[in-house]
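In: no sequence for this one, just the structure:
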């Protein structure tokens, strides 16, 4: 049995950008977040749950989204195949299959894109204490019988977070109106109708309708 703690979801997600205010305005209008300025950056909330922190990149950190997995013994950074990174934080999961269902504006699913699926499965399943399940449409990572994330081959490599929205078509219109770009509209094997969009800073994020983790 692994001695590593089992990751059961996200603590939050971080958006690393040089223009914190512009990002906060974009996502407030898109996802109806409430924002609070802190020493670290801007915390973003839906109701009583923090869903994201917008902050400046630290030395050596590229801009973009970073998943922050919950349940670590101490805060840290994980780097896997394809130089894919995620963060670890102490505290229980706020978003995931054991947390209350996602409301509009909250994370509702995560997906790993990779060019080396065998190495990616081996690394992330081991480090997060997950099991790789292959009998579903596509591949997903589970704890017990509860799916935590899916894995797909493709580029750009990295972790992708999906946020819940009430209506995908309306969300696409709002993205364009707010200065973002619709990268792709997809029929996701688990989530169904979904959008991949780039915000004005070019950070990639997913949007889909969901009332439970993973749909």
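Out: Arrived safely. In this text, all values refer to a predicted model and were calculated from it rather than measured experimentally.

In: ok, and for stretch 23-32, which residues are buried?
Out: Applying a neighbour-count criterion of 16 or more other Cβ atoms under 10 Å, one finds 23, 24, 26, 27, 28, 30, 31 buried in stretch 23-32. (Each C-beta comes from the backbone N, C-alpha and C, glycine too.)

In: contacts for it, please.
Out: Stretch 23-32 has contacts (Cβ atoms under 8 Å, 6 or more residues apart in numbering) with 15, 17, 33-35, 42, 44, 46, 52, 54, 104-105, 163, 165, 171, 174-175, 178-180, 199-201, 203.

In: so where does the residue nearest in space to the middle of the chain fall, helix or strand?
Out: Against the mean C-alpha coordinate of the chain, by Cα atoms, centre = their mean, the closest residue is residue 161 at 2.4 Å. Under the criterion of DSSP states H and E, residue 161 resides in strand 158-164.

In: what's the answer for residue 36, then?
Out: Per DSSP H and E, residue 36 falls inside strand 34-37.

In: ditto for residue 173
Out: helix 168-177.

In: could you say what helices and strands the strand holding residue 161 packs with?
Out: Where contact means 3 or more Cβ pairs under 8 Å, 6 or more residues apart in numbering; DSSP states H and E, strand 158-164 is packed against strand 64-69, strand 85-88, strand 107-114, strand 204-208.

In: the first one pairs with which strands, parallel or anti?
Out: Same thing as strand 64-69. strand 10-16 (antiparallel), strand 85-88 (parallel) (DSSP bridges).

In: can you tell me which of those is most buried?
Out: strand 10-16 (a mean of 24; mean count of other Cβ atoms under 10 Å).

In: turn the helices and strands packed on strand 158-164 into CSV, including distance to residue 95 and mean pLDDT.
Out: Below are the helices and strands packed on strand 158-164 laid out as CSV (distance: least, Cβ to Cβ, whole Å; pLDDT from 0 to 100):
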stretch, distance to residue 95, mean pLDDT
strand 64-69, 10, 98
strand 85-88, 14, 96
strand 107-114, 4, 97
strand 204-208, 14, 98
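
In: deepest of these, which one?
Out: strand 107-114 (a mean of 25).

In: contacts for it next, please.
Out: Residues from elsewhere that reach strand 107-114 (Cβ under 8 Å, 6+ apart): 10, 13, 51, 67, 81-82, 84, 95, 102, 120, 124, 141, 148-164, 190-191, 206, 208, 210, 212-215.

In: ok, which of the helices and strands packed on strand 158-164 comes nearest residue 4?
Out: Closest to residue 4 of those, according to Cβ to Cβ: strand 85-88, at 10.5 Å.

In: show residues contacting the helix or strand hosting residue 122.
Out: Using DSSP H and E, residue 122 sits within helix 117-128. Identification of contacts with helix 117-128 by Cβ under 8 Å, 6+ apart yields 2, 4, 6-7, 69, 78, 80-82, 84, 112, 114, 130-132, 139, 141, 148, 151, 153.

In: try 7 Å
Out: Helix 117-128 has contacts (Cβ atoms under 7 Å, 6 or more residues apart in numbering) with 4, 7, 69, 78, 80-81, 112, 114, 130-132, 141, 151, 153.

In: scan those residues and report the most crowded one.
Out: residue 112 (27 neighbours; other Cβ atoms under 10 Å).

In: beta-bridge partners for it, please?
Out: With DSSP bridges applied, residue 112 shows beta-bridge pairing to residue 151, residue 159.
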